Structures are given as C-alpha cells and as structure tokens.
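K.L.:
Sequence unavailable; structure follows:
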C-alpha cells in the first residue's frame, strides 16, 4: 500500500447509474472495433471439440524486448475450468445475439486461469485478440475483444475489464516492467497487489474483491512515490445471469443480508443474491448477518460510517472453503465500533460467528467466563455477541457444543477465535 496515492476519483452519477444498470440487466454497450494480435498458444483439440492450451507457454511476445524476469509469475491453466467457462461465455454471447462481435468459439485459445472461491477467470485469445471470460456459480461476464485497452497517459498497462465482482483484467505492453495495482474504495479500504502478465500476450488478471462503482484503480511503481489513476475500462460485451438462483429477501435477516451484500464495498461476494439468510444480530446500531450458498458461508456487517457521517459502512467476509475445510469453524469478522472506526469509547461490540454441522439447531458457546451463551443455529450458522466483560485474544479458544433437534450432540469441541 502507499500513502502517496493521488486523490480518489469519483465516478459521475450518470456513469455509476449506467454501470449499475448494466450489472442488473446484463446489458453492455457497444464499442468501436479494434483488432489486437497476439502469439498463438499450442493447442490440442479434445474429443468433445473444445480447444484448450496444452500449457502456459512462456516465449517472447510478438514484438519488443522480452519482459523482465519474474520468477514468481506462476500462471497456470486449469483445462476443465477453462472449457466449462468458455462454453458458458459462448452460450451467453449467442443468447445475447452478439456472435458477430466475437470470433467463432473454435478460435478461442485459453492461456491461463485464475480461480478465487466461486469466481473463475480465463485469459483467452480469440483469433489473436485478448479477451477475458469470468464465470461464477450464477453469472458470466465477457470482455469485448473488439475494444481497445484503456491506458492512462504515460503508462504501459491497458484495462479491458473491471467486472461487478471486482475482477480487473487487461494487458501489459511488451518490454515494460509490470507495476503494482492499487484499489481504493470511497470508504477508505485499500489493497495493493502485483500484476502478473502472461509472457505470451501480456494479459493479466487481478482479483480486487472491491465494489466496481466505488473503487478507484491506480498503478504504483515502488519505491517511487505517488501513483497514476487508471481510466474506466471499456464496457464488457456480455454480462448475464445464466444460472439464476435467488434466496428469500423478505424476512428481517433476508432484507439485512440483501442490503449488506449489495452495498458492501469490500469484499464483493459473487452470486450474492443466491445466499440464503442465517442468523441476524442487532445491537447499538450495529448489525451482523450470515448467509449460506452451495456450501459457502458469508458474514456481512454494518455499522455507522464515522468517516462519512450519516452513512453506513458495510463489510462482507467470505469463508473460503476447500476439500479439507472442517464442518465446524470460526468465521472471520471484525469488532464493530473499534478504535479504527472512531466510535465512542466503550461502544464497541464484538460478534462471534461460526459454521457448524447443518443438522445443528442449538449451540452452547463458552467464552471461558464461567457461564455459557445459548444461541440458535440456522442452516449450520451461529452468531452471538461476545459478552462485553470478555476480552478474547486472537489465539483464544472458544468451546462450542452443537445439538440437533432431538438433542443429540453433533459437535463438541474448541474453535480458535479469528
């Protein structure tokens, strides 16, 4: 991160409204056609007729000196993810009647994939043009292969996509050293990450997980101070909900979850509308609500925004799961009204949230104070406020016993506080 960034850029109201409308309706505006050519990757034709790159090929780009060595630039290609994602993007193109805007599907050559939770991005060339296909459990987004990358004056990084989930993708000019990408929200959340371009085409993908309409993107070149604000990339060609799943949003927990996920500047949750609401905590102007979808659990918190009086600060926390994820685990969430929020002293509230077996309906949570807290478990999710006379360290263990509807213990153990 840098403390020398230029002032944050504020999107004009009409631009922000247009972007939001495109996300909700899955409609993108047309851009002038411009052809970009790249080195072709070696390919094999699978039995099902899908074309995938055999490997991430590391050779010199078409023109210009080779890029500076980057031993940490380990881009990989998951052929299964690439084939599935590209097939969905192609189906969305056809459904939108935009086949004339992209080369035929058989000319799409994937170079590498980036996967973060339910979000998958494929960097691909289509008849030599750089293109990006993003898929989640319910949506697809495809960049416009006919659009020219958006460059800030004097830079060598051009943007081609900034999606609703915070994916940033584009190209780095051959022979130029990739800078760092900084994303800063209007609420002050800031993240910096390295850009890892393909040595074949210069394409890169960055998962910022920050809200599209409130985030300013900048380039940094440490140790030089300051940064360069990037322009808005061209609109995507297609954004569609191709596998719709919606959860209820009429109950208090459902309304709270929908509002929190919709306005969270960080972390943007893919497929937010599909998360079914779980427990809801409310106290002293603070709110914490949980949701579950397809085995994933999300926590979303709301509190008064002390930096922007009169507004509410929303923050989502995703539970990144994998094959080894235990069925019972503490979930991440910050203390609300902490010192960093400039809340009045003594007004902070600390939530404790956890995922438990989905058969559980009741939980006893012991924070080590001699008494226990009883809480309802909803769809394998439990939430309670930590008693204000309890001060848990980050390494503290919390004992949790969960029981099903018949009173049978389905979990009994200690979980580390996060």
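P.N.:
Yes, it's here. This structure is a prediction, so every number in the text was calculated from the model and none was measured.
K.L.:
Can you report how many residues neighbour residue 126?
P.N.:
When neighbours are defined as other Cβ atoms under 10 Å, residue 126 has 22 of them. For glycine as for every other residue, the C-beta is placed from the backbone atoms N, C-alpha and C.
K.L.:
An error on my part: the question was meant for residue 153.
P.N.:
Neighbour number of residue 153 under other Cβ under 10 Å is 6.
K.L.:
Just the local confidence number for it, please.
P.N.:
Per-residue pLDDT puts residue 153 at 92.
K.L.:
now swap in residue 41 and tell me
P.N.:
Reading off the model, residue 41 has pLDDT 34.
K.L.:
Mind listing residues that contact the longest helix anywhere in the chain?
P.N.:
Across the chain, the longest stretch assigned as helix under DSSP state H is helix 79-95. By Cβ atoms under 8 Å, 6 or more residues apart in numbering, the residues outside helix 79-95 that reach it are 46, 48, 50, 52-53, 99, 101-102, 105, 108, 110, 113, 115, 120-122, 124, 133-135, 140, 142, 237-238, 240, 242.
K.L.:
measure the spatially most central residue of the chain to residue 292 for me?
P.N.:
Geometric centre of the chain, nearest residue: residue 209, 3.4 Å, by Cα atoms, centre = their mean. Going from residue 209 to residue 292 by Cβ to Cβ, to the nearest Å gives 19 Å.
K.L.:
Could you double-check that the residue nearest to the centre of the chain sits in contact with residue 267?
P.N.:
Yes - between residue 209 and residue 267 there is a contact at 4.4 Å, judged by Cβ atoms under 8 Å.
K.L.:
so where's this protein shaky on pLDDT?
P.N.:
Applying pLDDT under 70 to the chain flags residues 1-73, 223-225, 323, 339-346.
K.L.:
Centre of the chain to stretch 105-117, how far?
P.N.:
18 Å (Cα atoms, centre = their mean, to the nearest Å).
K.L.:
typed the wrong thing, it's stretch 162-169
P.N.:
8 Å.
K.L.:
Likewise for stretch 250-264?
P.N.:
The answer for stretch 250-264 is 18 Å, by Cα atoms, centre = their mean.
K.L.:
And that stretch, what's buried?
P.N.:
Using 16 or more other Cβ atoms under 10 Å as the test for burial, stretch 250-264 gives 253, 254, 256, 257, 258, 259, 260, 261, 263, 264.
K.L.:
swap in stretch 190-203?
P.N.:
So, applying 16+ other Cβ under 10 Å, buried residues of stretch 190-203: 190, 191, 192, 195, 196, 197, 198, 199, 200, 201, 202, 203.
K.L.:
just stretch 89-97 next, same as before
P.N.:
So for stretch 89-97, counting by 16+ other Cβ under 10 Å, buried means 89, 90, 92, 93, 96.
K.L.:
Check stretch 393-411 too.
P.N.:
Of the residues in stretch 393-411, those buried (16+ other Cβ under 10 Å) are 396, 397, 398, 400, 401, 402, 403, 404, 410, 411.
K.L.:
Touching that stretch from outside, list them.
P.N.:
327-328, 330, 352, 354, 356-357, 359-368, 377, 382, 392, 412-418.
K.L.:
Among those, name the ones in strands.
P.N.:
330, 352, 354, 362-366, 377, 382, 412-416 (DSSP state E).
K.L.:
Now which of these would you call buried?
P.N.:
Members of those classed as buried by 16+ other Cβ under 10 Å are 330, 352, 354, 362, 363, 365, 377, 382, 415.
K.L.:
I'd say the fifth one and residue 383 touch.
P.N.:
No - assessed by Cβ under 8 Å, residue 363 is found out of contact with residue 383, at 9.8 Å.
K.L.:
Give the residues shared as contacts by the two.
P.N.:
354, 375.
K.L.:
List the contacts of residue 132.
P.N.:
121, 122, 123, 124, 142, 143, 160, 161, 167, 169, 203, 205.
K.L.:
Just grab the bridge partners of it for me.
P.N.:
residue 123 (DSSP bridges).
K.L.:
any idea how far it is from residue 205?
P.N.:
In terms of Cβ to Cβ, residue 132 sits 7 Å off from residue 205.
K.L.:
what do you get for residue 119?
P.N.:
Counting by Cβ to Cβ - residue 119 and residue 205 are separated by 10 Å.
K.L.:
cool, and residue 74?
P.N.:
Residue 74 is 13 Å from residue 205, by Cβ to Cβ.
K.L.:
Compare these two and say which is more crowded by neighbours.
P.N.:
Using other Cβ under 10 Å, the more surrounded residue of residue 74 and residue 205 is residue 205, with 23 against 9.
K.L.:
Does that one lie in a helix or a strand, and which?
P.N.:
strand 203-207 (DSSP states H and E).
K.L.:
For that strand, name the packing helices and strands.
P.N.:
If you count contacts as 3 or more Cβ pairs under 8 Å, 6 or more residues apart in numbering; DSSP states H and E, strand 203-207 packs onto strand 108-116, strand 119-126, strand 129-135, strand 167-172.
K.L.:
any idea how far the shortest one is from the chain center?
P.N.:
Put plainly, it is strand 167-172. That offset, for strand 167-172, works out to 15 Å (Cα atoms, centre = their mean).
K.L.:
same deal with stretch 321-328?
P.N.:
20 Å.
K.L.:
residues making contact with that stretch?
P.N.:
117, 295-297, 354-357, 380, 400, 402, 411, 413, 415.
K.L.:
I'd like the residues you listed as CSV, with distance to residue 310 appended.
P.N.:
Below are the contacts of stretch 321-328 laid out as CSV (distance: Cβ to Cβ, whole Å):
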residue, distance to residue 310
117, 33
295, 38
296, 33
297, 31
354, 33
355, 34
356, 37
357, 42
380, 36
400, 38
402, 40
411, 42
413, 44
415, 37
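K.L.:
Of the contacts of residue 132, just say which sits nearest to residue 301.
P.N.:
Taking Cβ to Cβ as the measure, residue 167 is the one of these closest to residue 301, at 23.6 Å.
K.L.:
tell me the domain ranges of this protein?
P.N.:
13-241, 252-416 (automatic domain parsing).
K.L.:
rewinding a little: next, format the buried residues of stretch 393-411 as TSV and append distance to residue 184.
P.N.:
Formatted as TSV, the buried residues of stretch 393-411 follow (distance: Cβ to Cβ, whole Å):
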residue	distance to residue 184
396	33
397	36
398	34
400	37
401	43
402	40
403	45
404	46
410	43
411	40
